[in-house]
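Undergrad: Predicted model follows, preceded by the sequence.
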Amino acid sequence: MFRFVLVRFLQAIPVLFLVISITFVMIRSAPGGPFDSEKNAPPEIIQQLNERYHLDDPIIKQLGDYLGNILRGDFGPSFRYPGRSVNEIIFNGLPITLELGFYAILFALTIGISAGLLAAYKPKSWQDYLPMSFSMIGICLPSFVLGPLLVLIFSIWFEWLPVSGWGQFNGDKLLPSITLGSAYAAYISRLTRGGMLEVLSQDYIRTARAKGLSEPRIILVHALKGGLLPVVTFLGPAFAGLLSGSFIIETIFQIPGIGRLYIQAAFNRDYTMIMGTTIFFAALIVVFNLISDIIAAMLNPRISYQGKN
Amino acid sequence: MQIYTKLTSSYFPLFFLLIITITGCTSEQTSNVESGTQNQILHIGNGTEPQGLDPHFVTGVSEHNIITSLIEGLVSKHPENLTPVSGMADSWQVSEDGKTYIFHIRNDAKWSNGDSVTANDFVYSWKRALTPTLGNQYAYMLYPVQNAEAFNNGTLKEFDEVGIRAIDSQTLEVNLNQSTPYFLGILDHYSTFPVHKNTIEKYGEIDTRGSEWTRAGNFVGNGPFILKEWEQNRIIIVEKNPNYWDADNVKLSEIHFHPIDQQNTEERLFRTGQLHITYSTPPEKIETYLNDSPELIKIHPYLGTYFYRINTTAQPLNDKNIRLALAMTIDRSAIVEKITKGGQNPAYTLTPPETLGYTSKSAIAYDTDKARQLFADAGYPNGENFPEIQILFNTLDTHRLIAEAIQQMWKKELNINVTLYNQEWKVYLDTESSMNYQISRAAWIGDYVDPNTFLNMFVSNSGINRTGWSNTEYDKLIGLAATEPNQKNRYQYFQEAEKILNEEVPIIPIYTYSKVFLKSPAVKGWYPNLLDHHPYKYVYLQTDASAY
């Protein structure tokens, strides 16, 4: 187990190095710089700014310096917000994005597993078709449509919930969490259904029934563990996807998380901020994939830590 | 079914209990407008998150809105007509040649920490604003001051030679390169604002870019409000400054600036009573508000022009008659009435009318017959053999709609083919400044109320000319206007220069801007003006007015 984690951890280093190097070169190759504006800033001033941030150094030197800095845990100052470091901005936004992701995944699991179980228990009945139809709608409906739609219904028409914010008004965390979680709920319901259908047709379930075990015990104790395996495998990348994909929700609902900062940084050519958030999200995806692999291996003994079946 | 009921009955209550617990743990109550109006707390939608609050290197409007609540310059502006009124200086004299200003700093001017504001504070602050290593992109606002440009670009090393000095602690002398009639007007621009020397040096050097002095608790200002709280991307709160010289006339107790970059989200917040004033209005909602709630939507002229730049260096647009013909076939009224719909006015010349009493006498005519004739004379009768041209715009729906309308107008009137392409903002800026375009959407919002802020853009050596157009006579006239102390003569030079611009057509003016925003009727003392500047000490909330 320890060796498995260690190997996967070591594999992550070249992945992150490649992500950093490619992103570093790509953002500097994009037309337009962080200090371009439609205003008439004299060239001497732009020159001063480029010198201050070492943007006039050769790109290899810039990359080398940058790698040295991040090894020391310093992501540099934000170009866009000169009074703040990238570390500070990420650590201010991170708890909010994590919290949003947590509620969204909670919603997705609750709704997704319930709907999947219902569908798998009575396949090809209305209990199957109804939740699966909803899940198809959930998968198809993009969050930038669902979000404003929910706001229109629950905030503007019924006036039950605030239109935006995070922790400022009562209930303002509900709509963003549901909006972000619904597409994942839809996926989870379909994965649960598929997994459960497969497990429920296995011999050991038939044996359990023959032994006269109660249905709840068969489902919850015997079938669920195997049936949820696809969901567990999905959860790692899903949570990473939830966090990195939260920028639309954060924009619609004015949530000060890092997803929104990521997009703003790209538009502003805030090089250090783009790098900081990219590295952060890349690391997050690597870590969640790793966790998901470990849990999957724990749930299914046929998966060995060496990756051989 | 029984099993399902058992399973779900264990999940759902748990989930909703959790969500309600989580979301119910918050404190603030619903309507900001109601509670704010009772307590004189103004809630403003403020566009994007400010880049910073240091007046000497920020560049945006949302920054302006906050900084002007925290710091006051030598001169302030009248909230209705923008004429200079006393700020930190309670009086001033101007020499006969218009080149020397003596400012008398008021005796009761104090920083928020109780220190007195002195003439030396301004000397230090302007030195900082012009220090090359600080990288202040707005330093050019101080270029009318003698030797300021040389110091800023590094050719002059000694600040003593720059035209600002403290005669004594309360008297400041400023020497200009030449008479600059709009000089007082730029003294309430934040790039000329004072900063508190000890605070700057407590957290860094004179040229430290982004030290912690602008954080809540550290910030020392001299304006009507002090910084109470700054949560990035969430809120900035300023509260009344008891040390402000005119504190007795400041009625608001707090202002909450909400950074909201999505127009639709902002409009929804306004509709649900969370904002007194919005930063903008979604264009598609303007008509609805005008029809259903005209008392909530405000529209007034804004000192800016929407125009197209033309790259005059390459065929076929290097021919001024072709450019003129293109400019003559744009139905600007149709654009403002059917596309922008927000009170904009068709523009037939660059400088908006009534800019400090100046209105251009020359204009580009809307004359499709003459345009066709010009095309025929240039060798393209009925648009035959005219090569396809391209319009570049930065990615935004309104820009696309306008470009599509113009594409159709040119096709219909001149029978020429136009293609459109859009680029993301920074790419667009790069394409435009590298002159890699034919026609490009552009806009200019005046830095100060004077024709110079518009016409100076197109002198040959201007960094924002970006058309390749150069005219020695035009340069000469703008130069003469810059040194002419007599306003009438000065405007005459501008008239002649603008006439050249309208004959040579390196740009096609399309419309002059308007400011469109939503405002609760409870907000009083918020007057429409060309710069959309609203000194907060005049603003108050009337509790007996019903917001909706």
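TA: Arrived safely, thanks for sending.
Undergrad: Contact partners for A:Ala12?
TA: A:283, A:286-287, A:290 (C-beta atoms under 8 Å, 6 or more residues apart in numbering or on different chains). In short, each C-beta sits where N, CA and C put it, glycine included.
Undergrad: How about B:Ile335?
TA: Here B:Ile335 is in contact with B:346, B:402, B:405-406, B:510-511 (C-beta under 8 Å, 6+ apart).
Undergrad: where does it land in three-state SS?
TA: helix (DSSP: H, G, I helix; E, B strand; the rest coil).
Undergrad: then stretch B:117-129 to PDB, C-alphas only?
TA: What follows is stretch B:117-129, C-alpha atoms only, in PDB (Å, rounded to 0.1, in the frame of the first residue of the first chain):
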ATOM      1  CA  VAL B 117      -2.400  67.600   5.600                       C
ATOM      2  CA  THR B 118       0.500  69.900   4.400                       C
ATOM      3  CA  ALA B 119       1.800  71.200   1.200                       C
ATOM      4  CA  ASN B 120       4.800  68.800   1.600                       C
ATOM      5  CA  ASP B 121       2.400  65.900   1.400                       C
ATOM      6  CA  PHE B 122       1.500  66.900  -2.100                       C
ATOM      7  CA  VAL B 123       5.200  67.300  -3.100                       C
ATOM      8  CA  TYR B 124       6.000  63.800  -1.700                       C
ATOM      9  CA  SER B 125       2.900  62.300  -3.400                       C
ATOM     10  CA  TRP B 126       3.500  63.800  -6.800                       C
ATOM     11  CA  LYS B 127       7.100  62.700  -6.600                       C
ATOM     12  CA  ARG B 128       5.800  59.200  -5.900                       C
ATOM     13  CA  ALA B 129       3.300  59.300  -8.700                       C
END
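Undergrad: Just the residues contacting it, thanks.
TA: B:55-56, B:74, B:88, B:103, B:105, B:109-111, B:134, B:136, B:138-139, B:142, B:145, B:148, B:159, B:162, B:164-172, B:191-197, B:200, B:206-207, B:222.
Undergrad: same deal with stretch A:58-70?
TA: Contacts of stretch A:58-70 (C-beta under 8 Å, 6+ apart): A:20-21, A:24-25, A:28, A:54-55, A:57, A:75-76, A:275, A:279.
Undergrad: Tell me the one of those nearest A:Pro176?
TA: Using C-beta to C-beta, A:Ile279 comes nearest to A:Pro176 of the contacts of stretch A:58-70, at 25.2 Å.
Undergrad: Let me know how buried A:Pro142 is, in neighbour terms.
TA: When counting by other C-beta atoms under 10 Å in any protein chain shown, one arrives at 10 neighbours for A:Pro142.
Undergrad: out of the contacts of B:Ile335, who's nearest chain A?
TA: The closest of the contacts of B:Ile335 to chain A turns out to be B:Ile510 (C-beta to the nearest C-beta; 16.2 Å).
Undergrad: Give me the three-state assignment for B:Ser112.
TA: With three-state DSSP as the basis, the three-state label of B:Ser112 is coil.
Undergrad: Quick one: residues contacting it.
TA: B:219-222, B:226, B:241, B:243-244.
Undergrad: contacting residues for the residue in the stretch 301-450 of chain B that chain A sits nearest to?
TA: The stretch 301-450 of chain B approaches chain A most closely through B:Lys426 (2.8 Å), counting by C-beta to the nearest C-beta. By C-beta under 8 Å, 6+ apart, the residues touching B:Lys426 are A:30-33, A:36, A:267-269.
Undergrad: circling back to that earlier point, taking the contacts of stretch B:117-129 one by one, which sit in strands?
TA: Counted as lying in strands by DSSP state E, out of the contacts of stretch B:117-129, are B:103, B:105, B:164-168, B:171-172.
Undergrad: Neighbour count, distance to chain A and pLDDT for these - can I get that in TSV?
TA: As requested, the ones in strands among the contacts of stretch B:117-129 are arranged in TSV below (neighbours: other C-beta atoms under 10 Å in any protein chain shown; distance: C-beta to the nearest C-beta, whole Å; pLDDT from 0 to 100):
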residue	neighbour count	distance to chain A	pLDDT
B:Phe103	26	26	97
B:Ile105	26	28	96
B:Ile164	24	19	96
B:Arg165	16	24	95
B:Ala166	17	26	96
B:Ile167	12	30	96
B:Asp168	10	33	94
B:Thr171	15	31	96
B:Leu172	26	25	96
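Undergrad: next one: the longest helix along chain A to chain centre, how far?
TA: Secondary structure of chain A per DSSP state H: the longest helix is helix A:86-121. Averaging C-alpha positions (C-alpha atoms, centre = their mean, to the nearest Å) puts helix A:86-121 8 Å from its chain's average.
Undergrad: returning to that earlier point: any of the contacts of stretch B:117-129 buried? List them.
TA: Taking 16 or more other C-beta atoms under 10 Å in any protein chain shown as the criterion, what is buried in the contacts of stretch B:117-129 is B:55-56, B:74, B:88, B:103, B:105, B:109-111, B:134, B:136, B:138-139, B:142, B:145, B:148, B:159, B:162, B:164-166, B:170, B:172, B:191-197, B:200, B:206-207, B:222.
Undergrad: Flag every residue of the stretch 251-400 of chain B that's near chain A.
TA: Applying C-beta under 8 Å from any C-beta of the partner chain, we find that the stretch 251-400 of chain B lies next to chain A at B:258, B:260-262, B:264-265, B:268-269, B:271-272, B:274.
Undergrad: picking up where we left off before, which one of the contacts of B:Ser112 is nearest A:Gly116?
TA: B:Phe219 (53.9 Å).
Undergrad: circling back to that earlier point, how near is the residue of the stretch 301-450 of chain B closest to chain A to B:Glu432?
TA: In this structure, B:Lys426 and B:Glu432 are 11 Å apart, going by C-beta to C-beta, to the nearest Å.
Undergrad: Need the overlap of contacts for those two.
TA: Common neighbours of B:Lys426 and B:Glu432, using C-beta under 8 Å, 6+ apart, do not exist here.
Undergrad: Can you check what pLDDT the model gives residue 256?
TA: Because you didn't say which chain, this covers chain A. Note for A:Pro256: predicted pLDDT of 89.
Undergrad: looking at chain B here, not the other one
TA: pLDDT, read off for B:His256, is 97.
Undergrad: The strand or helix carrying it packs against which elements?
TA: B:His256 belongs to strand B:254-258 when elements are defined using DSSP states H and E. Under the contact definition 3 or more C-beta pairs under 8 Å, 6 or more residues apart in numbering or on different chains; DSSP states H and E, strand B:254-258 sits against helix B:32-39, strand B:41-45, helix B:61-70, strand B:225-231, strand B:235-240.
Undergrad: helices or strands next to the strand or helix carrying A:Leu235 in the packing?
TA: Per DSSP H and E, A:Leu235 falls inside helix A:229-244. In terms of contacts (3+ C-beta pairs under 8 Å, 6+ apart), helix A:229-244 is packed against helix A:86-121, helix A:174-200, helix A:258-268, helix A:271-299.
Undergrad: list the contacts for residue 73?
TA: Unless you meant another one, I'm taking chain A. A:Gly73 makes contact with A:Asn87, according to C-beta under 8 Å, 6+ apart.
Undergrad: Sorry, I should have been clearer: chain B.
TA: Shown in contact with B:Gly73 (C-beta under 8 Å, 6+ apart): B:87-88, B:187-190, B:192-194.
Undergrad: tell me the pLDDT at it?
TA: B:Gly73 is given a pLDDT of 95.
Undergrad: Could you check how far it is from chain A?
TA: 19 Å (C-beta to the nearest C-beta, to the nearest Å).
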